[in-house]
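Novice: Just to be clear, the model below is a prediction. Sequence and coordinates:
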Amino acid sequence: MIELKNISKTFRTSKKKTTALNNVSLKIDQGKIFGIIGKSGAGKSTLIRCVNLLEKPDQGEVWVDDINLLELSESKLTMERRKIGMIFQHFNLLSSRTVEDNIALPLELIGTPKSEIKNRIDELLHLVGISEKAKEYPANLSGGQKQRVAIARALASKPALLLCDEATSALDPATTKSILKLLKEINQKLNITILLITHEMEVINSICDEVGVIDNAMLVEHGTVEEIFTNPKEEITKEFISESLDLSLPPFFQKNITEEKSNHQYCIYKLIFTNQPQYNTVIEDAKKLYDTDIEIINSRIEYAGSINYGTFFIKVNTEKNTTLIENYFNEQRFNIQKIGYVRNNH
Ligand SMILES: Nc1ncnc2c1ncn2[C@@H]1O[C@H](COP(=O)(O)OP(=O)(O)OP(=O)(O)O)[C@@H](O)[C@H]1O
Ligand SMILES: [Mg+2]
């Protein structure tokens, strides 16, 4: 179990003062995968570094398994840190050491006997699926393989908690998926708690149990992944969800769109929704109620557990009262944004 209580951190340089964390509290049960999402500069890395005290908070308490880390002496803290592994965006491997020697490093530092290290390395290489790379140097590995080495090294001292700072941000989509799958497997096999930070909602959706949203140094929203996707309260959370769908107006419409209504018979809207089991019915009902054409020109729907969320671009005939139609979608819990007007033949 990890608990952060009222953590604050301000960085002061000779020129300015930056509050990176402002009174952040959160609790993570053993065995859970907790994701923190936030924009660049929101305070994510500072938060994760406060958990193992790589960064010392100005205020607050950091509890790991009923121990307040801030009250420990330097030597006791070193012992407690062995229960916390960490991986990074750029892997942080030692280029002069082979894969097996990188993984051995934390064990050598705590004086583990050589034969024990050898067995542990074999186990770890097998766990992360790169046994055949034991004698390679990091320069000869792909990004995904390097991150597997970093994961094995982080797990060497059998930690109860794994911290992941943007662990998949330097990887392509397919490799990202395979690393996320590995993290989930490790979480389930070893019952290890994972705290990860990311700026991508897909990462949260694919492996996390719970999510916290950090904005401007504050934890503005948190809950289970399904709760947050069912009813995102903060604008920034809604933005993360809709950005993750990565849907844009087709280029053909982009070329022909204008802000001027005159002589244009169709209005284009973007509709964004979460938790709308009846989205088809809502659109069909709008057509009947307002006796108008509504054509879907692009759409994407995804699921977070059993909760759907999606984005549509629709084309509505402007001969009808479009304000009424806009109000109707708002009442049905769709976020509706007017994009512009197009001519009849577009
Ligand atoms: N050592 C430091 N000295 C001064 N300011 C710092 C330091 N570390 C972080 N900051 C500032 O604190 C704020 C939060 O930084 P942090 O690295 O936690 O953000 P982040 O959410 O991880 O961003 P990114 O997604 O870009 O990695 C930023 O404004 C940053 O400039
Ligand atoms: Mg960061």
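Specialist: Thanks, I have it. Ligands and ions are numbered 1, 2, ... in the order given.
Novice: all helices for the stretch 1-150 of the chain, in order.
Specialist: Using DSSP state H, counting those that start in this stretch, the helices of the stretch 1-150 of the chain run over residues 44-51, 74-81, 99-109, 114-128, 143-155.
Novice: Convert the C-alpha atoms of the third one to CSV, please.
Specialist: Extracted C-alpha coordinates of helix 99-109, given in CSV (Å, rounded to 0.1, in the frame of the first residue of the first chain):
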residue,chain,number,x,y,z
VAL,A,99,22.4,-6.9,-20.5
GLU,A,100,23.1,-9.4,-17.7
ASP,A,101,25.6,-7.1,-16.0
ASN,A,102,23.0,-4.2,-16.1
ILE,A,103,20.5,-6.5,-14.4
ALA,A,104,23.1,-7.6,-11.9
LEU,A,105,24.1,-4.1,-10.8
PRO,A,106,21.5,-3.5,-8.0
LEU,A,107,22.2,-7.0,-6.6
GLU,A,108,26.0,-6.4,-6.7
LEU,A,109,25.4,-3.2,-4.8
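Novice: for the record, mean pLDDT for it?
Specialist: Mean pLDDT, helix 99-109: 96.
Novice: same deal with the last one?
Specialist: Confidence over helix 143-155 (mean pLDDT, whole number) is 98.
Novice: cool, and the longest one?
Specialist: When pLDDT is averaged along helix 114-128, the result is 96.
Novice: Residues of the stretch 151-300 of the chain that sit close to ligand 1?
Specialist: Within the stretch 151-300 of the chain, the residues that sit near ligand 1 (Cβ under 6 Å from any ligand atom) are residue 199. Every C-beta, even on glycine, is put in place using the N, C-alpha and C of the backbone.
Novice: before we move on, the earlier item: would you mind putting the helices of the stretch 1-150 of the chain into a markdown table with mean neighbour count alongside?
Specialist: Shown next, in a markdown table, are the helices of the stretch 1-150 of the chain (neighbours: other Cβ atoms under 10 Å):
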| stretch | mean neighbour count |
| --- | --- |
| helix 44-51 | 22 |
| helix 74-81 | 12 |
| helix 99-109 | 19 |
| helix 114-128 | 15 |
| helix 143-155 | 23 |
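Novice: Please identify which of those helices is closest to residue 248.
Specialist: Taking Cβ to Cβ, helix 44-51 is the member of those nearest to residue 248, at 26.5 Å.
Novice: gap between the two ends of stretch 68-84?
Specialist: Distance across stretch 68-84, first residue to last, is 14 Å (Cα to Cα, to the nearest Å).
Novice: where's residue 283 relative to residue 323, distance?
Specialist: Separation of residue 283 from residue 323 (Cβ to Cβ, to the nearest Å): 18 Å.
Novice: more neighbours, these two?
Specialist: residue 283 (18 against 8; other Cβ atoms under 10 Å).
Novice: thought the more buried one was touching residue 292?
Specialist: No: look at residue 283 against residue 292 with Cβ atoms under 8 Å: they stay out of range, at 11.2 Å.
Novice: Now for the residue of the stretch 101-250 of the chain at minimum distance from ligand 1: which residues touch it?
Specialist: Ligand 1 sits closest to residue 199 of the stretch 101-250 of the chain, with a gap of 5.6 Å, by Cβ to the nearest ligand atom. Contact analysis of residue 199 by Cβ atoms under 8 Å, 6 or more residues apart in numbering lists 37-40, 44, 166, 169.
Novice: of these, closest to residue 288?
Specialist: residue 37 (39.0 Å).
Novice: For the closest one, list each beta-bridge partner.
Specialist: residue 198, residue 213 (DSSP bridges).
Novice: what about it, distance to residue 50?
Specialist: From residue 37 across to residue 50, the span is 17 Å (Cβ to Cβ).
Novice: for residue 339, same thing?
Specialist: Residue 339 sits 42 Å away from residue 50, going by Cβ to Cβ.
Novice: Contact distance from ligand 1 - what residues of the stretch 1-150 of the chain qualify?
Specialist: Going by Cβ under 6 Å from any ligand atom, the residues of the stretch 1-150 of the chain near ligand 1 are 11, 13, 18, 20, 38, 40-46.
Novice: try 5 Å this time
Specialist: Within the stretch 1-150 of the chain, the residues that sit near ligand 1 (Cβ under 5 Å from any ligand atom) are 11, 18, 20, 40-46.
Novice: looking at the chain, which helix or strand is least sure?
Specialist: Sorting the helices and strands of the chain by mean pLDDT, DSSP states H and E puts helix 251-256 at the bottom, at a mean of 90.
Novice: residues of that one that come out buried?
Specialist: residue 253 (16 or more other Cβ atoms under 10 Å).
Novice: show me the contacts for residue 313.
Specialist: Shown in contact with residue 313 (Cβ under 8 Å, 6+ apart): 247, 249-250, 253, 268-271, 296-299, 339.
Novice: Kindly report the domain assignment for this structure.
Specialist: 2-232, 247-342 (automatic domain parsing).
Novice: Please identify the most buried of these.
Specialist: domain 2-232 (a mean of 18; mean count of other Cβ atoms under 10 Å).
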